[in-house]
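just coords:
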């Protein structure tokens, strides 16, 4: 009898030893999570992402560490994210530029099929800005000069393949003129180049807001479908006769194949973070606001955005 109990006890102990690591593995997260940002530091993608990561860290009980991986309109970061282990420890900021990059050139990922949607938390605002001492007081002045001096205007963006780059390409075609694109690794650097006189204009997300508010830059027009409430004087491109709108999304995704329970845990943590006043303050710096889509709705919107962007680019090439 004692021998039998001993065998049973040994078996139970052995079973506990075997199952203990498995149980430990089920707990998530047990180490820091990385959040890759496809643009350089200081811009409208970087700063809000850092705030939401910090806020969500307090909820999940582990650091969520923002890591900048700039290049190619965020395609560099998404290319690496695609081949990362889908265990929830590596996430990425999914931006409009990452979608368009896949449509404008060869990249090693599909912007819908290769990523696990988690949550959308905002959208970009876009505008065309020039220095305050620029001779162009209005968008019409800018276009008139460009037509009279094709190729002479140099404009900055946060990278090739970004929505604002695409809009400027289309605008040049529709206006029957040309300009020279100067890409940078972040919106902050693009605006710094404009302030320093290295370029003549910037088509960019709202890294320009503080400088426009200070009177150092002038907003000629917006690249969205409606005027910005903060700048009602600036017309849309549609109002100026050009049927163009820059696509917009800022979301958090992971590599395809992440466990559903980890997707839900991360979604819930980031969702709670949307109520953090620090996030609102960070978005306010760029005239942005919280725009929320849950995991399912984000997945559908990713498909819609990819399809509409593909159609837009197809028309541009016709």
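Perfect, I can see it now. As the structure is a computational prediction, the values presented were derived from the model and not from experiment. Numbering: from 1, shown residues only.

Helices along the stretch 51-200 of the chain, start to end?
All helices of the stretch 51-200 of the chain, identified by DSSP state H, counting those that start in this stretch, fall at 75-82, 96-104, 139-148, 163-174, 187-195.

Comparing those helices by mean pLDDT, which bottoms out?
Confidence, taken as mean pLDDT, is least for helix 96-104 of the helices of the stretch 51-200 of the chain (a mean of 89).

and that helix, what other elements does it pack with?
Contacting helix 96-104 under the criterion 3 or more C-beta pairs under 8 Å, 6 or more residues apart in numbering; DSSP states H and E are the following elements: helix 75-82, helix 163-174, helix 295-317. (Glycine included, C-beta is placed from N, CA and C.)

ok, the residue most central in space within the chain - contacts?
Nearest to the geometric centre of the chain sits residue 95, at 2.8 Å (C-alpha atoms, centre = their mean). With C-beta atoms under 8 Å, 6 or more residues apart in numbering as the criterion, the residues that contact residue 95 are 38-39, 45, 73-74, 124, 249-251.

now with 10 Å?
Contacts for residue 95 were tallied using C-beta atoms under 10 Å, 6 or more residues apart in numbering; they are 37-39, 44-45, 49, 73-75, 77-78, 101, 124, 158, 162-163, 205, 247-251.

just residue 118 next, same as before
88, 91-92, 94, 251-254, 258, 262-267, 269-271, 294-295, 298-299.

try residue 89
Applying C-beta under 10 Å, 6+ apart, one finds that residue 89 lies in contact with 28-34, 62, 64, 254, 258, 262.

Repeat that for residue 203.
Residues near residue 203 by C-beta under 10 Å, 6+ apart: 126-129, 155-158, 162-168, 171, 179, 181, 190, 220-221, 223, 246.

same thing with residue 262?
For residue 262, the contacting residues are 28-29, 33, 86-89, 116, 118, 254, taking C-beta under 10 Å, 6+ apart as the criterion.

What helix or strand is it located in?
Under the assignment given by DSSP states H and E, the secondary-structure element containing residue 262 is helix 260-273.

That helix: what's the following helix or strand?
Going down the chain from helix 260-273, the next helix or strand is helix 277-284, by DSSP H and E.

Give the buried residues for that following helix.
For helix 277-284, a neighbour-count test (16 or more other C-beta atoms under 10 Å) marks 279, 282-283 as buried.

and if you look at stretch 41-56?
Applying 16+ other C-beta under 10 Å to stretch 41-56 flags 41-56 as buried.

of those, closest to residue 304?
Checking the buried residues of stretch 41-56 against residue 304 by C-beta to C-beta gives residue 45 as the nearest, at 21.0 Å.

Might you report the residue contacts of that closest one?
Taking C-beta under 10 Å, 6+ apart as the contact definition, residue 45 lies against 37-39, 68, 70, 74, 93, 95-97, 122, 124, 158, 186-188, 205, 207, 250, 286.
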